[in-house]
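**Q** sharing a model that was predicted from the sequence below.
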Amino acid sequence: EWISVQSSRELYRHELAIEAHEIATHPDAEEAELILIYRAKGIPADQARGLAAEIMADRERALDAMAREELGIDPENLGGSPWQAAGASFALFFVGATPPVLPFALLPKTEAIIASLALSAIMLFIIGAAITLFTGRSPWTSGLRQLVFGLCAGALTFGIGKIIGVSVA
């Protein structure tokens, strides 16, 4: 996650640098782009030209406008903190990985496998249902979808392990 967020931030910075260079070297072309963007948003031609000219008169304001309008980037927020993303990812992986692994530390092999499958299924459903807090979908639909996909991924992983000779010992 740290690498992912950091790479995104570096990409955004690079795109902003390119845009700043274009504003400095080809201001007329950038102003024409801004006019087209505003026209596409339904602003009348005369207003779009006036607005673009006013914005392009200040390079910082022009870069901010082009970043937001052309690139879809908020220059003030380039993707969040890579450290927060890494910490959250670590915590979520730890919490998600503990229930399926814990039975192997506490139970004999066969019981551990059954308990791990049961805990995994329960956790998959809970995670899928919890996602609906953000999506507004049915908890049953999302929970079952997460459960089915998670169990299929687990079965595929188990099958690959069987084929290559890896097993729970």
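**A** Sure thing, it's come through. Numbering: from 1, shown residues only.
**Q** every contact and neighbour count from this point should use C-alpha atoms.
**A** Fine.
**Q** any idea how far Gly154 is from Val148?
**A** Plainly put, Gly154 is 10 Å away from Val148 if you go by C-alpha to C-alpha, to the nearest Å.
**Q** likewise for Thr25?
**A** With distances taken as C-alpha to C-alpha, Thr25 is found 55 Å from Val148.
**Q** per-residue pLDDT, the residue of the chain positioned farthest from its centre?
**A** Using C-alpha atoms, centre = their mean, the residue of the chain lying farthest from its centre is Pro108. It sits 39.3 Å away. Pro108 carries a pLDDT value of 94.
**Q** could you number the chain from 595 rather than 1 from now on?
**A** I'll keep to 595 as the first residue from here, and by that count the last item is Pro702.
**Q** how near is it to Arg662?
**A** Plainly put, Pro702 is 58 Å away from Arg662 if you go by C-alpha to C-alpha.
**Q** hmm, back to that, ok, Thr619 and Val742, which is more surrounded?
**A** Each of Thr619 and Val742 has its neighbours counted (other C-alpha atoms under 10 Å); Val742 has more, 15 against 11.
**Q** so where is the chain shaky, pLDDT-wise?
**A** Counting by pLDDT under 70, the chain contains low-confidence residues at 673-674, 762-763.
**Q** this structure: helices as residue ranges?
**A** Taking DSSP state H, the helices of the chain run over residues 596-619, 621-634, 639-650, 653-660, 676-700, 703-729, 733-758.
**Q** select, out of those helices, the one closest to Pro669.
**A** Nearest to Pro669, of all the helices of the chain, is helix 653-660, at 6.7 Å by C-alpha to C-alpha.
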